[in-house]
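Engineer: My questions concern the predicted model and sequence given below.
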Amino acid sequence: MRILFMGTPSFAVASLRRLVEDGHEVCGVFTQPDRPKNRGHKMMPPPVKEYALSVGLPVYQPEKMRDGTALSLVQQLQPELIVVAAYGRILPREILEAPALGAINVHSSILPKYRGAAPINWAILNGEAVTGVTIMYMAEGMDTGDIILCRETEIGPEEDAQELTVRLAELGADALREAMVQLSAGTVVRIPQNGENATYAPMLTRELSDIDWTRGARQIHDQVRGLIPWPCAKTDLLGKTVKVFRTTVGGPTSAEPGAVLSLGKQGIEIACGDGWSIVITELQPDGGKRMSAAAYLAGHPVKTGL
C-alpha cells in the first residue's frame with residue numbers, strides 16, 4: 001500500500017519501521033522541524049527523521065499545516081493512506097480526507113480513555129494498572145475517530161513512563177500491522193467511540209513536578225514514575241531542590257508528612273500523608289548529574305526528623 005507516514009518522537013519510529021519491513025510503499029515522511037537541544041542549542045533532527053533518512057525515505061518538515069503547503073505536498077505524493085503516530089500536530093480535514101483510505105492513528109491508550117497529548121504519562125499518574133494502544137481512524141476532534149482495534153498490556157508497578165513508552169511503541173507497531181492487514185483485505189469494522197466514557201490526557205507542565213508529601217505514598221510513587229523523563233517530580237531536601245527519578249513504597253509510619261525518617265544505602269525515606277513512607281533511591285540535584293541516593297548522601301548530609 002502507498003503510505004504517507006507522519007510522526008516525530010522515538011515512539012513513532014517503531015511503527016514506521018514496521019511499515020517499511022512489511023514492504024509497504026512509504027512515499028514520504030512528515031515530521032516536525034529540527035529543534036535546538038542541550039546547552040549548545042545545536043539543531044537536532046527528530047528520531048523519525050533520523051530513521052527515515054537511514055532507509056532512504058523522503059522527509060518533509062512543514063512548519064504549518066493550515067497554510068496550504070502541507071496539503072499541496074500530500075496531493076503531490078498521492079498516498080492511498082496516511083498513518084500517524086505521535087506527530088504532534090493537528091491535521092485539518094482537507095489533509096485527513098485527501099487519501100482514498102483516509103488517515104489512521106497509532107494512539108497510546110485504550111480509547112476513549114486518555115485522549116490527548118500525554119496518555120502514557122497520565123495513565124501512570126492516575127495509578128492505572130492496565131493501558132494499551134488503539135488504532136483508529138482520524139477525525140477533526142481530538143482522538144475522537146472510529147476504532148479499528150485495541151491491544152492491552154499491564155503497567156508494571158515500578159515501570160516509569162519512559163520504559164512504558166518503549167513497550168507501547170512495539171505494541172503499537174504490532175497492532176498497526178494487524179490493522180494494515182484488515183485495511184488491505186477490506187475487512188475493517190469501524191467501532192464508534194462512546195464519548196461519555198472519554199477522559200483526557202493534557203500536555204505535561206512543570207506545575208505537576210512539586211511533590212506534596214501530604215498525599216499518599218502510592219500517589220507520590222506514581223507521580224515520580226509518570227513524570228519521567230520530563231518534567232520530573234521534585235522536592236526540597238534542607239533547602240536544596242532535587243529531581244526525583246526512582247522511588248519505592250516503604251513501610252508504615254506515624255511521623256508527620258515530609259519528615260525524613262532514615263538515610264542510608266537503601267535511600268532517603270520520607271513520611272507521606274497516608275501513614276506510609278516513600279524511599280527515594282535515585283535523584284538529581286540542581287546543576288548536578290542523576291545519581292543514586294546513596295551517592296548523593298555521601299556529599300550532601302541530610303538530617304532526619306524534618
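Structural biologist: Sure thing, it's come through.
Engineer: the helices in the stretch 51-200 of the chain, which residues?
Structural biologist: For the stretch 51-200 of the chain, the helices defined by DSSP state H, counting those that start in this stretch cover 69-77, 93-96, 119-125, 161-185.
Engineer: Now for residue 167: which residues touch it?
Structural biologist: By CB atoms under 8 Å, 6 or more residues apart in numbering, the contact list for residue 167 reads residue 153. All C-beta spots, glycine's among them, are computed from the backbone N, C-alpha and C.
Engineer: so what pLDDT did it get?
Structural biologist: Note for residue 167: predicted pLDDT of 98.
Engineer: Excluding chain neighbours, what is closest to residue 64?
Structural biologist: Closest residue in space to residue 64, ignoring its immediate chain neighbours: residue 70 at 7.1 Å, by CB to CB, 6 or more residues apart in numbering.
Engineer: Point to the helix or strand of the protein where mean pLDDT is at its lowest.
Structural biologist: Least confident helix or strand of the chain, by mean pLDDT, DSSP states H and E, is strand 35-37 with a mean of 85.
Engineer: What about the residue nearest to residue 64, how many residues nearby?
Structural biologist: Neighbours of residue 70 under the rule other CB atoms under 10 Å: 22.
Engineer: Kindly report the same for residue 10.
Structural biologist: 17.
Engineer: Let me see the contact set for it.
Structural biologist: Residues in contact with residue 10, defined by CB under 8 Å, 6+ apart, are 47, 165-166, 169.
Engineer: surely the residue nearest to residue 64 meets residue 30?
Structural biologist: Yes: look at residue 70 against residue 30 with CB atoms under 8 Å: they come within range, at 7.3 Å.
Engineer: list the residues that contact both of those two?
Structural biologist: Residues touching both residue 70 and residue 30 (CB under 8 Å, 6+ apart) are residue 62.
Engineer: ends of stretch 71-87, how far apart?
Structural biologist: By CA to CA, to the nearest Å, the extent of stretch 71-87 from end to end equals 16 Å.
Engineer: Hmm, residue 123 is touching residue 114, no?
Structural biologist: Yes: counting by CB under 8 Å, residue 123 touches residue 114, with 6.0 Å between them.
Engineer: for stretch 168-179, the distance to its chain's centre please.
Structural biologist: Counting by CA atoms, centre = their mean, to the nearest Å, stretch 168-179 is centred 15 Å from the centre of its parent chain.
Engineer: in it, what counts as buried?
Structural biologist: For stretch 168-179, burial by neighbour count (16 or more other CB atoms under 10 Å) applies to 168-169, 171-173, 175-176, 179.
Engineer: which residues sit against whichever strand in the chain runs longest?
Structural biologist: Looking across the chain with DSSP state E, the single longest strand is strand 240-252. Defining contact as CB under 8 Å, 6+ apart, one finds that strand 240-252 is touched by 158, 209, 211, 217-218, 220-221, 224, 228, 232-236, 261, 267, 269, 275-286, 290, 296, 300.
Engineer: Brilliant, that's me finished.
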